[in-house]
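Q: predicted model follows, preceded by the sequence.
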Amino acid sequence: MHDRRQFARRHLVSLSLLAILMLVLEACESRRAAPSGANHALSARVAGLWDLEMTLDRTPPGEASQGAHRSSRLARGTLTLLESARGKEGDWLRHRPTHTGVHDMSLQPFGIQMRDASPVPALLASAVAPDSLEIALMSGSDVAAVILRGALRADSVQGIWSYQARSAGKWRGTFVLRRRRALTL
């Protein structure tokens, strides 16, 4: 149990250091364009460290019969959202990115191998007034991403997620993001 706690602490410290590094890099960026009006307030509310819980509701046709073992219908992880206007637009988000960040999310309980050779699992997010949030957990390539779309209520976001690998079909489910209150080491 002690080794598990020590590993969790080291992992949390690594995510925190990565978030600080991203903040420093963002501060150095001279082309930063701040969101305006209601989006600015929403963007500020969304920035921070979040715990993510995903539930699997649907797998692609034939996936269950091909032996993809589902050890669980639940996956948990952590993500950090940082206000940023420099995220590149891509195919995954419907709106211009307002946040960048990192995540520690494994979908292996669902039988999904998402990570490629990417050393840092990145994400892009769009906060859209009055309360919508859209997040793309990137896989390290343009081939697949987990897309989360939900509504912010107090210190949580609830919505639906989907994962679509161009060669494997589409998984779907629900998610809840909960703001992490304090870093405890």
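A: The structure has been received and is ready for your questions. Numbering: from 1, shown residues only.

Q: how many neighbours does the closest residue to residue 59 other than its chain neighbours have?
A: Take residue 59 and drop its neighbours on the chain: the residue closest to it by C-beta to C-beta, 6 or more residues apart in numbering is residue 171, 5.6 Å away. In short, each C-beta sits where N, CA and C put it, glycine included. Residue 171 is flanked by 22 other residues according to other C-beta atoms under 10 Å.

Q: same check, this time on residue 113
A: 13.

Q: now swap in residue 57 and tell me
A: Quick note: residue 57 (other C-beta under 10 Å) scores 12 neighbours.

Q: with residue 100 instead?
A: Considering only other C-beta under 10 Å, residue 100 is surrounded by 21 other residues.

Q: name the helix or strand for it, please.
A: Secondary structure from DSSP states H and E places residue 100 in strand 99-105.

Q: packing partners of that strand?
A: Applying 3 or more C-beta pairs under 8 Å, 6 or more residues apart in numbering; DSSP states H and E, we find strand 99-105 packed against helix 2-28, strand 48-58, strand 74-83, strand 122-128.

Q: one step back: who does the strand or helix carrying the residue nearest to residue 59 touch, helix- and strand-wise?
A: Per DSSP H and E, residue 171 falls inside strand 169-179. Packing contacts for strand 169-179, counted by 3+ C-beta pairs under 8 Å, 6+ apart, involve strand 48-58, strand 144-153, strand 156-165.

Q: for the protein, name the helix or strand with the lowest mean pLDDT.
A: helix 2-28 (a mean of 59; mean pLDDT, DSSP states H and E).

Q: what does the helix or strand following that helix contact?
A: Sequence-wise, the next helix or strand downstream of helix 2-28 (DSSP H and E) is helix 37-46. Helix 37-46 is contacted from outside by 34-35, 81, 83, 98-99, 125, 127-131, 133, 152, using C-beta atoms under 8 Å, 6 or more residues apart in numbering.

Q: pLDDT weak spots in the protein?
A: Along the chain, segments meeting pLDDT under 70 span 1-2, 4, 6-39, 62-71, 85-91, 115-119, 140-143, 165-169, 182-185.

Q: and the helices and strands packed on strand 169-179: which comes nearest residue 114?
A: strand 144-153 (6.4 Å; C-beta to C-beta).

Q: angle of the closest one against strand 74-83?
A: 80 degrees (axes from the mean of the first three to the mean of the last three C-alpha atoms, to 10 degrees).

Q: ok, residues contacting strand 144-153?
A: Contacts for strand 144-153 (C-beta under 8 Å, 6+ apart): 42, 45-46, 52, 92-93, 105, 107, 114, 127, 131-139, 157-166, 175, 177.
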